[in-house]
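Enquirer: Pasting the sequence and the predicted coordinates here, then a few questions.
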Amino acid sequence: MKYVSDSFQTRREELKSEFTNPKSDYYLCDDEQDDLVKEELENRDYYTEKNVFWVPQSARWHYLQDHAALSVGAKLPDGSEFKGIGKFIDDAMDIIEKENPKLKRILNKNYAKLDIDPSKLVALVNLIATIPFTHNSLKAKDILGHVYEYFLGNFAAAEGQRGGQFYTPKSIVNLIVHLRSL
């Protein structure tokens, strides 16, 4: 979900730049706050033309993160009631799947059923928000590898080395591969 949202946000920033650039074919006006620009940024066709999944406002990562710590029963901006972080995540996943049939039955939507302390789930949402899925190294789109590498790199040192587990930083692996190819 975070990757889909980050890809969407990257495309959104590209579009905003294009809509306000007089040299662009997409040029609309000079003001990125203009109502026409805001309206066009919500046009799904601009995203799908670049194979980017359409993410409705209530399923975007920043929306999820901004509202994750609400109290149960609090009102969300759309007027609905917050029923807990697990349900909130499940609903966002469901919205993404409905808007993008290719993702049907792919996203995990059972966080509300899991017995996870809500404060830990909120902390996890905030932690995952720090993962830069728009990093230049993701040209191959190896998302699971990137997430695994991120967690290893950030938490292996804190945990120490147990049971023969070691972490080799990516820069060292790249150097070894490069030297081997010479």
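Expert: Happy to help now that I have it. Residues are numbered from 1 along each chain as shown.

Enquirer: Break the protein down into its structural domains.
Expert: Segmentation of the chain into domains, based on automatic domain parsing, reads 2-134, 136-182.

Enquirer: so can I have JSON lines of these showing mean neighbour count?
Expert: Any C-beta I mention is one placed from the backbone N, CA and C, and that applies to glycine too. Shown next, in JSON lines, are the domains of the chain (neighbours: other CB atoms under 10 Å):
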{"stretch": "domain 2-134", "mean neighbour count": "15"}
{"stretch": "domain 136-182", "mean neighbour count": "11"}
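
Enquirer: weakest of those domains by average pLDDT?
Expert: For the domains of the chain, mean pLDDT drops lowest on domain 136-182, to a mean of 63.

Enquirer: All the helices of this structure, in order from the start?
Expert: For the chain, the helices defined by DSSP state H occupy 2-19, 35-41, 45-48, 61-67, 85-99, 118-128, 143-159, 170-180.

Enquirer: Would you mind putting those helices into TSV with distance to residue 26 alongside?
Expert: What follows is those, written out as TSV (distance: least, CB to CB, whole Å):
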stretch	distance to residue 26
helix 2-19	4
helix 35-41	8
helix 45-48	8
helix 61-67	23
helix 85-99	22
helix 118-128	32
helix 143-159	28
helix 170-180	36
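
Enquirer: I'd like to know which of these is closest to residue 55.
Expert: With respect to residue 55, and counting by CB to CB, the nearest of the helices of the chain is helix 2-19 at 4.2 Å.

Enquirer: Report the angle between the closest one and helix 118-128.
Expert: 50 degrees (axes from the mean of the first three to the mean of the last three CA atoms, to 10 degrees).

Enquirer: ok now helix 2-19, how far from the chain's centre?
Expert: Computed by CA atoms, centre = their mean, to the nearest Å, the chain-centroid distance of helix 2-19 equals 11 Å.

Enquirer: Other residues contacting it?
Expert: Outside helix 2-19, the residues that touch it by CB atoms under 8 Å, 6 or more residues apart in numbering are 24-29, 32, 37, 40-41, 46-47, 50, 52-55, 59-62, 64, 96, 100, 103, 128-129, 131-134, 143.

Enquirer: Out of the helices of the chain, the one nearest residue 112 is which?
Expert: Distance to residue 112, taken as CB to CB, is lowest for helix 85-99 among the helices of the chain, at 3.8 Å.

Enquirer: got the angle for the closest one vs helix 2-19?
Expert: Going by the same axes, to 10 degrees, helix 85-99 makes 60 degrees with helix 2-19.

Enquirer: helices and strands around helix 85-99, which ones?
Expert: Packed against helix 85-99 by the contact rule (3 or more CB pairs under 8 Å, 6 or more residues apart in numbering; DSSP states H and E) you find helix 61-67, helix 118-128.
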